[in-house]
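**Q** Provide a 3D model corresponding to the input given below.
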Amino acid sequence: MPPTASRPGRLTVLLVFVLGVFVARLPATVEALQEIVRDGDHGTELTRRAFLAPIAEAERTIAERYVDEPDRRAMRDGALRGMLEALDDPYTEFVPAADRAAFEKDLTGRFVGIGAEVIVEGGWLTIVTPLEDSPALRAGLRPGDRVVEIEGQSTLGQTVDHSVARLMGEPGVPVRLTIERSAAAGTERQNVTIVRDRIVVRAIKGFRRAPGGGWDWFIDPARRVAYVRLTQFTPTAASELVRVLHEIGAATPAGAPGALGGLVLDLRNNPGGVLDGALAVADLFLGAGEIATVRGRGSDRETFRARDAGTLPAFPMVVLVNGQSASASEIVAGALQDHARAVVLGTRTFGKGLVQRVQDLASAGGSAGPAQLKFTAQRYYLPSGRLIHRTDEAVQWGVDPSPGFYVPMTEQEQLDRLLERRRLDVMGETGPAPAGGPAGTDGAALSPDHPAAQLETLSDKQLRMAARAMERRLDTGAWEPVGAEADPALQRERVSADELAALELTRERMLRELGRLEDRLRALEAVVAGDAVDRTPYDLWPDQTDLVGGTLRVLDREGRPVATLTITGHGLERWLIDAGVRPVGRDDVAPAPAPAPAPAPATLRDAEAPPKEVPAPPR
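**A** The predicted model follows:
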């Protein structure tokens, strides 16, 4: 048979094969086109095609008929953000490809740069401290150095983020800085070239810097009580913690030489991080039992349990928490508390019981790689079965301190603690040098630079109470309450009352700000109406007056005493001006220039690293 005679047969076979492939894929194709998407507002159901059709139609209309040429990439990113905003979930976000590096830096603590903590001080970028094993440290940068230029461009008036972006770059690429440094003869200026390198920010820190740039881990060397601060659950946090704990004797059996006597684990202001890191940290201290359970609509329930391998000896342990301890921090604190492995001291935690996942969006990528979608996928539950997530209607959330270990701090005390902590973290700093100190276990007076002596001089009341509780536990064998309330019921009432007071204070501040806006509106309305009003603010007393520790007396209109208040902060004048008071005989007082707004508390940013001590929205 000639070759051409076989063509119809071959064609038939080919058509049958193609038809078979089409028929085989038809169910999946139809399913993809008809996949159901539920409309939560109206209870109706939409196919995915119907869901996407109006978006595509709107994009096509704008692209073809909008008055100017639109930025279609910006339109796409805006559509994605709008879709996520409809979820009303602050933890779900779209990360464009251009922002991916900064996002991963915040999440993992890894980046490429010079490795230094910086702030803006006096308008200039200023080094707080170089990081350990960093190019900045090797180049000789010191705390207090002013970075006046980066690659010949001034840093005056620039934000921290802007300057940090210029310090970051590719590994092996140098960056030229101009440094001003205080010296005996005045200010010295020098040029320093630093080769950028890959930096991994260490999440584990100690009580204070030791000579040579390391950490002093012990707050009570005689009893071998250590202090370890975990600033964020980065991917390397658990391995860092294991190394430090072994270094200070945590793995040594109790009673053996060099064994750890007790541990204060500080999770305050720790916003969370990777779930695996929290599970690994909790597993170090728990030999068995549940750590946490996660549940989600798109995944099966999963329970994480402690493993016996690698569990450390059961030394006494205090976990410090506060209102900025969130997510992974709450998993660790809650698991150790539920299993009675540690005492939790401080205040109620933030209340974030959600687990986020990160997924690449290759279709929305760019030269920096694919964009990313961070979305809430699961809720987690403590071993007790309790969901700790805070909602608007919740009356209890987070992890509360153990009964008898609720130790609240005022705003001023918290600010003082953060400023002291910043100083103690600086290489070369060893803390305050008090005139005297408490006695040691042998009754002899401690030297001023002894950790226990320095601890008593700090404003960190929670850490002092933790050290005191640990001392009593090691001396008596029992945990004795050191907090505001020892009775569990009374403590719960006190926690709720303090939370209520904080919310009322927030509301009062918002109302006061609204009142100031109303005053401005009335003033402008009066000017427009031709009735100009002199609203020049007055000084209530000279700006240099120090009132902290003084007394404020309030009298009624008849001159009878109503209240006597102790002044604990520096913002009294600012508050009184907003509160609707004026000096007696105001009309006879010459107006003073408008007082400058009080400076915001100095914020410590880890240049090229996630913020540590500054409260931030948890991830």
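
**Q** May I have the secondary structure class of residue 117?
**A** Assigned with DSSP: H, G, I helix; E, B strand; the rest coil, residue 117 falls in the strand class.

**Q** swap in residue 180?
**A** Using three-state DSSP, the three-state assignment for residue 180 comes out as strand.

**Q** What does the pLDDT read for it?
**A** Note for residue 180: predicted pLDDT of 93.

**Q** What of residue 273?
**A** You'll see residue 273 listed with a pLDDT of 91.

**Q** Phi, psi for the closest residue to it other than its chain neighbours please.
**A** Spatial nearest neighbour of residue 273, chain neighbours left out: residue 233 (3.0 Å); criterion: Cβ to Cβ, 6 or more residues apart in numbering. (C-beta placed from N, C-alpha, C; glycine too.) Here is the backbone geometry of residue 233 (degrees, to the nearest 10): phi -90, psi 80.

**Q** What separation do you get for residue 233 and residue 270?
**A** Separation of residue 233 from residue 270 (Cβ to Cβ, to the nearest Å) stands at 7 Å.

**Q** hang on, the earlier thing: the residue nearest to residue 273: neighbour count?
**A** When neighbours are defined as other Cβ atoms under 10 Å, residue 233 has 29 of them.

**Q** same check, this time on the one 10 residues further on
**A** Burial of residue 243, expressed as a neighbour count using other Cβ under 10 Å, amounts to 11.

**Q** Could you export stretch 132-147 as PDB, CA atoms only?
**A** Output of stretch 132-147 as PDB, limited to C-alpha atoms (Å, rounded to 0.1, in the frame of the first residue of the first chain):
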ATOM      1  CA  GLU A 132      28.900  41.400  67.000                       C
ATOM      2  CA  ASP A 133      31.300  40.100  64.400                       C
ATOM      3  CA  SER A 134      30.200  42.800  61.900                       C
ATOM      4  CA  PRO A 135      32.100  44.800  59.300                       C
ATOM      5  CA  ALA A 136      31.300  47.900  61.300                       C
ATOM      6  CA  LEU A 137      33.000  46.500  64.400                       C
ATOM      7  CA  ARG A 138      36.000  45.400  62.400                       C
ATOM      8  CA  ALA A 139      36.300  48.800  60.800                       C
ATOM      9  CA  GLY A 140      36.500  50.400  64.300                       C
ATOM     10  CA  LEU A 141      33.100  52.200  64.500                       C
ATOM     11  CA  ARG A 142      32.200  53.100  68.000                       C
ATOM     12  CA  PRO A 143      29.100  54.000  69.900                       C
ATOM     13  CA  GLY A 144      28.300  57.700  69.500                       C
ATOM     14  CA  ASP A 145      30.100  58.000  66.100                       C
ATOM     15  CA  ARG A 146      28.100  60.500  63.900                       C
ATOM     16  CA  VAL A 147      27.800  59.300  60.300                       C
END
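
**Q** where are the low-confidence patches of the stretch 401-550 of the chain?
**A** Along the stretch 401-550 of the chain, segments meeting pLDDT under 70 span 428-450, 531-539.

**Q** Going along the chain, name the helices of it.
**A** 411-425, 451-457, 461-476, 488-528 (DSSP state H, counting those that start in this stretch).

**Q** The shortest one packs against which elements?
**A** Of the remaining helices and strands, those touching helix 451-457 by 3 or more Cβ pairs under 8 Å, 6 or more residues apart in numbering; DSSP states H and E are strand 218-220, helix 461-476.

**Q** Just put those in a markdown table and tack on distance to residue 384.
**A** Supplementary listing: these in a markdown table, determined by distance: least, Cβ to Cβ, whole Å:
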| stretch | distance to residue 384 |
| --- | --- |
| strand 218-220 | 31 |
| helix 461-476 | 23 |
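
**Q** Overlap in contacts, residue 233 and residue 270.
**A** Each of 328, 329 lies in contact with both residue 233 and residue 270 under the rule Cβ atoms under 8 Å, 6 or more residues apart in numbering.

**Q** and residue 78, how many neighbours?
**A** Neighbour count of residue 78, defined by other Cβ under 10 Å: 12.

**Q** how much space is there between it and residue 561?
**A** Plainly put, residue 78 is 60 Å away from residue 561 if you go by Cβ to Cβ.

**Q** Am I right that residue 237 is in contact with residue 275?
**A** No. Residue 237 lies out of contact with residue 275 (Cβ atoms under 8 Å); the separation is 11.8 Å.

**Q** And these two? Which one has more around it.
**A** Ranked by neighbour count (other Cβ under 10 Å), residue 237 and residue 275 place residue 237 first, with 25 against 20.

**Q** residue contacts, that one?
**A** Counted by Cβ under 8 Å, 6+ apart, residue 237 has contacts 203, 204, 230, 273, 277, 281.

**Q** ok, 10 Å please
**A** Residue 237 sits next to 109, 202-204, 230-231, 270, 273-274, 276-278, 280-281, 328 when contact means Cβ atoms under 10 Å, 6 or more residues apart in numbering.

**Q** Which pLDDT value goes with it?
**A** Note for residue 237: predicted pLDDT of 93.

**Q** What ranges in the stretch 201-350 of the chain fall below the confidence cut-off?
**A** By pLDDT under 70, the stretch 201-350 of the chain has no low-scoring segment.
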